[in-house]
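In: Any chance you can model this:
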Amino acid sequence: MNALAAIRDYRPLLVELVRRDVKTRYTGSLLGLFWSVLNPVLQLVLYTVVFSVFLKVRLGDGDGHGRFAEYLFCALLPWTAIQESWTRSTTGFLTHAHLIKKAPFALEVIPFSYTLSALLHQLAGTAVFLPVLIWRGTLSAESLPWFVAILLVQAVMMVGGGMLLGAANVFIRDVAHVLGVGFMFLFWGTPIVYPKTVVPEPFTILINLNPLTHLVDTYRWAFFGNPSPAWWGILYCAGFSLLVYVFGHRFLRRCRADLLDLL
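Out: Numbering: from 1, shown residues only. Purely as a prediction, here's the structure:
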């Protein structure tokens, strides 16, 4: 609640950081903000052509080739947002050191801004994805409201991880490098490019211990209506997100003074 109150008090700064981040990303480009929509369109087309036309990958005997491209893109949207948010938050305090020293404010604003920026791009990709699913008749209207719930769970996880990683990287600059390697292992430890059903039995427990597994499962359920995720998995993912948020916020608050000295 203290973090949310800080964000409320510094809302103009938060909005300005997000606005600058989005604007800077496309500065000098001819298409500008249109790239935020064009990129996911091109990705979806590329995945469809590669996996449906060239590789002819199927999820099951009753599924068409295009289903795998939808299956993959659905998981890549939240994965990309989380990776972007945590990677940029890790160096966020160092990047904005001049701003922090010049005008003291709640440090939570910085990881919040990176989270919002990443979520905006995820929503842009979702806005492209939904019409495609409607056109193909694979969108589940009944389970779609769960999209909002799982997006909130993801946002909490992103902010909490951003605060924790950003603060830790000020003290130990290797955190940013370790994170890059960690994402490589985490990507293949999450059922993004493969279904959980193909995972050998000894590794099933490890896959289920990964909260992103259940995050991805819930997104696919929200969009497609199947396969239904385990309820314990949804609760586990939500509990993990809350734990990361609380731990990240407390760690940032307790080391704030030392952190400012090192910037």
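In: And the helices in the stretch 151-263 of the chain?
Out: With DSSP state H, counting those that start in this stretch as the criterion, the stretch 151-263 of the chain has helices at 175-188, 201-209, 211-224, 231-254, 256-262.
In: looking at those helices, which is buried most?
Out: Stretch with highest mean neighbour count among the helices of the stretch 151-263 of the chain: helix 211-224 (a mean of 23; mean count of other C-beta atoms under 10 Å). For glycine as for every other residue, the C-beta is placed from the backbone atoms N, C-alpha and C.
In: orientation of it relative to helix 231-254 in degrees?
Out: 120 degrees (axes from the mean of the first three to the mean of the last three C-alpha atoms, to 10 degrees).
In: What lies in contact with helix 211-224?
Out: Applying C-beta atoms under 8 Å, 6 or more residues apart in numbering, the contact partners of helix 211-224 are 70-71, 74-75, 77-79, 82, 129, 133, 138-140, 143-147, 150, 153-154, 157, 186, 190-192, 196, 207-208, 226-230, 233-234, 236-237, 240-241.
In: so how far is residue 125 from residue 218?
Out: Counting by C-beta to C-beta, to the nearest Å, the gap from residue 218 to residue 125 is 17 Å.
In: residue nearest the centroid of this structure?
Out: residue 82 (2.4 Å; C-alpha atoms, centre = their mean).
In: Please report how far that one lies from residue 215.
Out: 8 Å.
In: so what sits against both of the two?
Out: Joint contacts of residue 82 and residue 215 (C-beta under 8 Å, 6+ apart) are 154, 157.
In: In contact with the residue nearest to the centre of the chain, which residues are there?
Out: 118, 154, 157, 158, 161, 212.
In: Please verify my assumption that the first one contacts residue 87.
Out: Read that as residue 118. No: using C-beta atoms under 8 Å as the test, residue 118 is too far from residue 87 to be in contact (9.5 Å).
In: Would you mind telling me which of these two has more residues around it?
Out: A direct count of neighbours by other C-beta atoms under 10 Å for residue 118 and residue 87 places residue 118 higher, at 26 against 18.
In: helices or strands next to whichever strand or helix holds that one in the packing?
Out: Taking DSSP states H and E as the criterion, residue 118 maps to helix 109-136. Secondary-structure packing of helix 109-136 (3 or more C-beta pairs under 8 Å, 6 or more residues apart in numbering; DSSP states H and E): helix 2-9, helix 11-25, helix 35-48, helix 66-90, helix 92-95, helix 146-171, helix 211-224.
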